[in-house]
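In: Sharing a model that was predicted from the sequence below.
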Amino acid sequence: MELWYTEKQTPSFGITAKIRETYVTEQTPYQHLVMLDTEEFGRMLVLDGMVMTTVKDEFVYHEMVAHPALFTHPNPKKVLVVGGGDGGVIREIMKHPAVEKAVLVEIDGKVIEYSKQYLPEIAGELDNPRVEVIVGDGYMHILNAKDEYDVIMVDSTEPVGPAAPLFERGFYQGIYEALKEDGLFVAQTDNPWFKADLIQQVNRDVKEIFPIVRVFGANIPTYPSGLWTFTMGSKKHDPLEVDANAIPEIETKYYSPRLHHAAFCLPKFVEDLTK
Ligand code: SAM
């Protein structure tokens with residue numbers, strides 16, 4: 001019998017993947033966690049019915065959370081990741097020798113545990129000595145941090161459940177205060193096809209707090225609509241002023257020095273959401 005996993009991306013639209021094997025189906029204290037092996041995208045982590053990452057396309061998201069931000073800041077020594085318990089963003093951060101310490105604050109210890117077990121190619125750097133893993137609420141961590149981080153990356157679930165506060169104006173204000181005087185942050189901000197309102201709202205909120213706000217995009221086939229956005233808020237450094245010729249080559253599959261600028265060229269209907 002064929003088994004298929006379907007994510008309802010909206011109440012009336014979804015995507016579906018043929019399952020090879022199901023490893024975990026568990027209600028954690030925070031969310032419903034499923035770890036699958038799919039025929040097309042390989043192993044897949046699903047939280048509350050939403051695809052979080054797959055072995056085949058994870059590199060796009062993780063590289064684009066990490067590298068545009070880290071190559072915009074001239075000396076990112078201390079980095080915070082909120083969420084991101086699968087470890088993919090941490091793996092990319094570890095490619096930057098300037099980073100002395102990366103702190104990961106993930107609310108759900110089960111995401112970390114199962115990612116290490118079933119997604120070792122993604123989670124492999126979580127035990128790097130430059131990484132501190134905290135199982136806790138990223139919102140509270142941000143509210144308690146002052147003038148501490150060079151770069152903050154918000155690698156959260158969609159704005160439901162424990163991640164809902166991570167899309168509020170107060171959270172972005174907390175991020176501003178947790179950053180050093182020339183710090184910057186990047187957050188995943190969902191897709192322009194089904195979540196246009198969210199992108200507009202985040203953009204308005206972040207613009208009230210940060211002097212430099214830029215939105216960029218990436219193609220991620222297993223995320224709703226396939227077109228994903230990221231919002232960067234910065235106190236001083238502008239990603240558009242980065243000299244692409246000065247970006248050192250690192251091992252990547254999606255990000256490149258040329259793409260650094262290209263990613264900020266958005267389709268017109270997406271650009272209009274950020275005005
Ligand atoms: N790349 C994914 C996407 O955009 O669909 C998200 C990756 S997933 C690893 C995001 C993680 O954020 C989840 O493991 C979830 O447990 C965590 N998370 C949600 N709310 C959180 C909070 N308040 N503090 C810390 N982590 C949180």
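Out: All right, it came through fine.
In: Tell me where this protein has strands.
Out: Applying DSSP state E to the chain gives strands spanning 3-10, 13-27, 32-38, 42-47, 50-54, 78-83, 101-106, 131-135, 149-155, 179-188, 212-219, 227-234.
In: The ones you listed: which one's closest to the ligand?
Out: Closest to the ligand of the strands of the chain, according to CB to the nearest ligand atom: strand 78-83, at 2.7 Å. (Each C-beta comes from the backbone N, C-alpha and C, glycine too.)
In: Partner strands of that closest one, with direction?
Out: Strand 78-83 has the following sheet partners, assigned by DSSP bridges: strand 101-106 (parallel), strand 149-155 (parallel).
In: distance of the spatially most central residue of the chain from residue 106?
Out: Residue closest to the mean C-alpha point of the chain, counted by CA atoms, centre = their mean, is residue 155 at 3.1 Å. Residue 155 is 9 Å from residue 106, where distance means CB to CB, to the nearest Å.
In: Would you pull up the residue in the stretch 101-250 of the chain closest to the ligand?
Out: Across the stretch 101-250 of the chain, the shortest distance to the ligand (CB to the nearest ligand atom) belongs to residue 138, at 3.2 Å.
In: thinking again about what came up before, can you check which residues contact both of residue 155 and residue 106?
Out: Shared contacts of residue 155 and residue 106, defined by CB atoms under 8 Å, 6 or more residues apart in numbering, are found at 83, 84.
In: so, in contact with the ligand or not, stretch 120-131?
Out: No: residues of stretch 120-131 contacting the ligand under CB under 6 Å from any ligand atom: none, with a closest distance of 9.4 Å.
In: near the ligand, which residues of the stretch 151-275 of the chain?
Out: So far as CB under 6 Å from any ligand atom goes, the stretch 151-275 of the chain lies against the ligand at 155, 156, 157, 162, 163, 166, 188.
In: Find the pair from the residues you listed with maximum spatial separation.
Out: Pairwise distances across these (CB to CB) peak at 15.1 Å, for the pair 162 and 188.
In: ok, these two, which is more surrounded?
Out: A direct count of neighbours by other CB atoms under 10 Å for residue 162 and residue 188 places residue 188 higher, at 25 against 18.
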